[in-house]
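[1] missing the sequence, but the structure's below:
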């Protein structure tokens with residue numbers, strides 16, 4: 001099956017992309033389409049527009065070509081038709097990480113640039129990185145991604161012909177040289193990150209006896225906007241994925257009670273393992289926080305799945321047991337469809353007004369939570385009061401003999 005996306009690339013220089021995903025017994029059609037919506041947003045963040053989507057029902061991805069060969073041929077015919085109509089397709093983006101073999105075989109079939117979800121996210125991170133710390137982390141993640149796929153970069157050279165002296169092809173020699181260069185570069189980057197980690201640990205130790213609060217959540221849920229509101233700062237905020245890469249720490253004072261507030265990199269589905277490894281030092285702010293404020297975009301149609309992704313990532317970081325509180329943001333953007341009075345189907349979240357939703361299953365399901373709009377400052381005073389009470393309680397527990405704040 002395929003789906004045409006209405007938005008077309010009309011600007012010169014804008015790359016057009018085809019998106020590809022699979023429907024499996026573990027991932028139904030609705031989730032596949034939601035993941036492709038997110039992939040389209042990632043592509044837009046990277047500077048490309050989506051020309052068309054293709055999906056296929058499979059028991060699982062093919063280890064050779066990811067898709068069935070018939071579906072690949074269908075995509076190739078579409079690309080050729082677009083070329084004839086002078087609407088070039090510049091790339092095909094797959095919603096899962098591809099192996100070196102899959103990448104090589106797909107490229108040979110489609111004859112265009114092939115990206116996978118991991119490669120696309122790495123590209124966005126490279127574009128967004130501003131500080132030396134973030135650039136170092138992104139470069140290390142890129143090398144980790146590239147290393148097992150090196151052979152694909154040298155398919156134009158002669159392959160190794162045998163094991164005897166004098167029979168080794170130049171491509172294999174170049175592979176070995178590149179592998180050594182990359183491994184040496186990775187060792188250098190790891191050492192550089194270790195040095196930065198020590199500096200940041202020293203900085204954290206010098207912050208004094210203040211409670212640390214970390215904003216966590218899915219990417220693009222409004223963490224930076226909330227940070228600017230609470231800290232009266234100007235942290236970069238934009239309606240794009242991964243607008244924030246570097247952890248920003250600000251001192252916040254509510255009713256003469258100071259604490260440290262950090263804005264961290266957003267999480268995402270299928271977050272590449274290489275990025276998690278490379279950004280561990282950035283996520284140290286989450287590990288060392290006394291309180292986690294889990295920000296959720298309540299206007300997103302699949303925010304429940306986003307909550308699960310964040311909670312799983314926090315568990316992977318060993319932070320599942322930390323004191324936390326869910327803040328449902330963007331209440332101003334929440335939309336619902338009113339049910340007909342004769343409709344006897346059970347109520348769902350999609351057809352319940354927010355005012356009733358807050359006092360029904362939302363409160364029972366998520367317990368300690370607040371509903372705000374950082375953009376419109378809705379319920380902001382309540383948030384400040386709740387935050388004050390929590391920080392004060394944590395301070396008394398952590399520093400029982402330090403009463404200078406009161």
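    Received, thanks. Treat the numbers as computed from the prediction; the structure is a model and nothing was measured. Numbering: from 1, shown residues only.

[2] What residues sit buried inside the helix ranked longest in the chain?
    Longest helix in the chain by number of residues (criterion: DSSP state H): helix 170-205. Under the neighbour-count criterion of 16 or more other CB atoms under 10 Å, helix 170-205 has 171, 172, 175, 178, 182, 186, 189, 192, 193, 196, 200 buried. Where you see a C-beta, it was placed from the backbone N, CA and C, and this is true even at glycine.

[3] Point out the other helices and strands that that helix packs with.
    helix 132-146, helix 284-287 (3 or more CB pairs under 8 Å, 6 or more residues apart in numbering; DSSP states H and E).

[4] angle of that helix against helix 132-146?
    150 degrees (axes from the mean of the first three to the mean of the last three CA atoms, to 10 degrees).

[5] got the domain boundaries for this protein?
    Per automatic domain parsing, the structural domains of the chain span 2-121, 129-157+169-206, 208-398.

[6] Now mean pLDDT too, for the ones you listed, in CSV please.
    Listed next are those as CSV, based on pLDDT from 0 to 100:
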stretch, mean pLDDT
domain 2-121, 87
domain 129-157+169-206, 77
domain 208-398, 80
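
[7] the strands in the stretch 151-300 of the chain, which residues?
    212-217, 248-254, 257-263, 291-297 (DSSP state E, counting those that start in this stretch).

[8] The last one: partners in the sheet, and parallel or antiparallel?
    In other words, strand 291-297. In the sheet, strand 291-297 lines up against strand 212-217 (parallel), strand 324-329 (parallel) (DSSP bridges).

[9] For residue 81, find the nearest of those strands.
    Checking the strands paired with strand 291-297 against residue 81 by CB to CB gives strand 212-217 as the closest, at 41.5 Å.

[10] Pull the residues that contact the closest one.
    223, 226-227, 252, 259-264, 266-267, 285-286, 288-296, 306, 310, 314, 387, 391 (CB atoms under 8 Å, 6 or more residues apart in numbering).

[11] again, only this time at 7 Å
    For strand 212-217, contacts defined as CB atoms under 7 Å, 6 or more residues apart in numbering pick out 223, 226-227, 259-264, 266, 285-286, 288-296, 310, 314, 391.

[12] and residue 291, what does it touch?
    211, 213, 323, 390, 391, 394.

[13] So what pairs up with the nearest residue to the third one once chain neighbours are set aside in the strands?
    Sequence neighbours aside, residue 291 is the residue nearest to residue 323 in space, at 5.1 Å (criterion: CB to CB, 6 or more residues apart in numbering). When bridges are taken as DSSP bridges, the partners of residue 291 come out as residue 213.

[14] So which residue is smack in the middle of this structure?
    For the chain, the residue nearest the mean C-alpha position is residue 268 (3.1 Å; CA atoms, centre = their mean).

[15] ok, so what distance separates the closest residue to it other than its chain neighbours from residue 58?
    The shortest distance from residue 268 to any non-neighbouring residue, by CB to CB, 6+ apart, is to residue 219 (5.2 Å). Distance of residue 219 to residue 58, given as CB to CB, to the nearest Å: 28 Å.

[16] higher neighbour count, these two?
    In terms of neighbours (other CB atoms under 10 Å), residue 219 is the more surrounded of residue 219 and residue 58; the figures are 26 against 15.
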